[in-house]
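Colleague: Below is the sequence, then the predicted model.
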Amino acid sequence: MVAAVFLAAGGLPASGLAAPAFVDDGPLATDTGHVHVGWTTDEPVTLTLTAPDGQVRPVYNGTNDGIFLSGLADGEYALNLVGESGAKAAPLTLSVSHQSLEQALWLAGLGAIVFLLTVIVILRGTRGEGADG
């Protein structure tokens, strides 16, 4: 009776193992389409990802303590972690919003300018050297 009340209050699962929990409490956000999701657990877990369109798919099943997710499109995702004993972690929200194309082009242009300036500095430095070094 006491064990059933303890379980209903969110305590230890019937197997005596601590319920799995995500390392990050709040919602996750990324502007690159990839993210590391970590958790703590005493048992094998299954991680499922609910896409913005409502499609649920398992993305991990095993005993590790984290996973690297990539290739995610823009949108709000829900991550659910369930232990082998049935114990569940509080759901975690993941917000994906990629950088704009304009920002990517500005950064690429800036990189090209820095590259060209570096080449010019190297060429001017080697041109001034004589046979004596």
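Modeller: Cool, got the structure. Numbering: from 1, shown residues only.

Colleague: Tally up the residues packed near Phe75, please.
Modeller: Small correction: residue 75 is Gly, not Phe. 12 (other CB atoms under 10 Å). No exception for glycine: its C-beta is placed from N, CA and C like everyone else's.

Colleague: Tell me what it is bridged to.
Modeller: Val96 (DSSP bridges).

Colleague: Can you name the residues that contact Val45?
Modeller: Shown in contact with Val45 (CB atoms under 8 Å, 6 or more residues apart in numbering): Pro20, Trp39, Tyr60, Asn61, Gly62, Thr63, Leu81, Val82, Gly83, Glu84.

Colleague: and the residues you listed, which of them are in strands?
Modeller: Using DSSP state E, the subset of these located in strands is Trp39, Tyr60, Asn61, Gly62, Leu81, Val82, Gly83.

Colleague: Columns pLDDT on top of the residues you listed, output as JSON lines?
Modeller: Formatted as JSON lines, the ones in strands among the contacts of Val45 follow (pLDDT from 0 to 100):
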{"residue": "Trp39", "pLDDT": "95"}
{"residue": "Tyr60", "pLDDT": "95"}
{"residue": "Asn61", "pLDDT": "95"}
{"residue": "Gly62", "pLDDT": "93"}
{"residue": "Leu81", "pLDDT": "95"}
{"residue": "Val82", "pLDDT": "95"}
{"residue": "Gly83", "pLDDT": "93"}
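
Colleague: Quick check: ChimeraX command selecting the buried ones in these.
Modeller: Buried residues among the ones in strands among the contacts of Val45 (16 or more other CB atoms under 10 Å), as a ChimeraX selection:
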select :39,60,81,82,83
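
Colleague: for the ones in strands among the contacts of Val45, which one is nearest Leu94?
Modeller: Nearest to Leu94, judged by CB to CB, of those is Leu81 at 12.6 Å.
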